[in-house]
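1. sequence and predicted structure, then a few things I'm wondering about:
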Amino acid sequence: MHPVLVIVLVGSLATAVVSFVVLGLRRWRRTAGLAARAQSMGLRFSPDDPFDVPRRYRQFPVICSGHSPLAENVSYGRVDGWPVRAMQFHHENGHGTRRLTKHYSIIIFELGFPLPAATLWNDRDLADAPLEVRPASGRLDCWAYGGDAEFARLFTRLAGNLGKDGFSVQTLGQSIFFSVVEKRTGGFYTDYIRPIIAVLENLPQAGQRAETGRA
């Protein structure tokens, strides 16, 4: 083999090894950072998925879109009495050389009281919006929405800052689901848990939480 070709191959291999090491270090730092933040909030933390998220929450568009879904770095428990599950999540779109991996931060509250069914999909992730919230369905600020229009308008007034941060929102039964494309947050998902709780506490339905004693 020609010496120049050997040098090129060795250089390429070294670059690949360094890239894998850097990526691994970043992942380790991310996991360690989330674990520390979860602990500081009184949450439990698992680097894996203890809830089988792709199956349990498959009714939500982010979860059921694409293929090869995976949840990891899951924080769970109660914050200020509110039950929360938060995680990193990714799925893949396409195959082979056209495969694209999308990374999300997801925060889910199982409230113990029902909310009107509504979906607000952020403009920043509109390419992957479900059919029911395509722009023709209606628009509010930075969101395309579907479902209960009154609740969508109320939520838009209460949660404008979440919209600016790129969050999409869906309610279903007693669950409310927040998702944001990770590269657009610039922080850890734990940074958004209490701001979201502040929004939830101002919902009219939140009074049912105190009446039932469920969080």
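-> Happy to help now that I have it. Being a predicted model, the structure only gives us computed values, none of them experimental.
2. show me the shaky parts of this structure.
-> Counting by pLDDT under 70, the chain has low-confidence residues at 1-28, 132, 134-136, 184-186, 209-215.
3. return the residues in contact with Ser105.
-> By C-beta atoms under 8 Å, 6 or more residues apart in numbering, Ser105 lies in contact with 86-89, 179-180, 182, 185, 189, 192. (C-beta placed from N, C-alpha, C; glycine too.)
4. just the buried ones from these?
-> Burial by neighbour count, judged by 16 or more other C-beta atoms under 10 Å, picks out 86-89, 179-180, 182, 185, 189, 192 from those.
5. gap between the host helix or strand of Glu72 and the chain center?
-> Secondary structure here is read from DSSP states H and E; on that basis Glu72 sits in strand 67-79. Counting by C-alpha atoms, centre = their mean, to the nearest Å, strand 67-79 is centred 9 Å from the centre of its parent chain.
6. on contacts alone, who are the packing partners of the next helix or strand after it?
-> For strand 67-79, the succeeding helix or strand toward the C-terminus, using DSSP H and E, is strand 82-93. Taking 3 or more C-beta pairs under 8 Å, 6 or more residues apart in numbering; DSSP states H and E as the contact definition, the neighbouring helices and strands of strand 82-93 are helix 61-64, strand 67-79, strand 100-110, helix 193-200.
7. quick one: which of those is nearest Phe151?
-> Between Phe151 and these, the tightest spacing by C-beta to C-beta is seen for helix 193-200, at 12.5 Å.
8. contacts for the closest one, please.
-> By C-beta under 8 Å, 6+ apart, the surrounding residues in contact with helix 193-200 are 41, 79-80, 82, 84, 86, 107, 109, 111, 155, 158-159, 161-162, 176, 178, 206.
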